[in-house]
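Colleague: sequence plus the predicted model coming up.
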Amino acid sequence: IRLCGNPFIIDFYKKIEELWKKYLLAINSMPYTIELRHEDHINIIKAIASQNKSKIEKAIRMHIQRMVDALDKLI
């Protein structure tokens with residue numbers, strides 16, 4: 001997110017991240033394992049390094065979808 005350099009997107013992300021962490025603390029849970037989170041983030045970093053927009057989009061979409069699926073299970 002910071003790599004994009006867009007202050008609006010950075011601020012938006014910070015707000016979402018803060019709310020996400022508060023929610024997880026409130027329900028005393030984590031949506032999925034640290035290994036899967038790291039895998040997602042590494043895939044995003046690799047996609048960014050490739051400078052391939054479709055790979056970047058796919059990696060981010062997969063990460064977001066995994067988070068949504070995990071939250072659905074918690075709710």
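Modeller: Nice, I can see it.

Colleague: who touches the helix or strand of the chain with the lowest mean pLDDT?
Modeller: Comparing helices and strands within the chain by mean pLDDT, DSSP states H and E singles out helix 7-26 as the least confident, with a mean of 84. Around helix 7-26, the neighbours that count as contacts under Cβ atoms under 8 Å, 6 or more residues apart in numbering are 1-2, 4, 30-31. Glycine gets a C-beta too; all of them are placed from N, C-alpha and C.

Colleague: how far does it sit from its chain's centre?
Modeller: What separates the centre of helix 7-26 from the centre of its chain is 11 Å, taken as Cα atoms, centre = their mean, to the nearest Å.

Colleague: buried residues in that helix, which are they?
Modeller: When burial is assessed from 16 or more other Cβ atoms under 10 Å, helix 7-26 yields no buried residues.

Colleague: coming back round to it: by neighbour count, which of the contacts of helix 7-26 wins?
Modeller: Among the contacts of helix 7-26, the one with the most neighbours (other Cβ atoms under 10 Å) is residue 31, at 19 neighbours.
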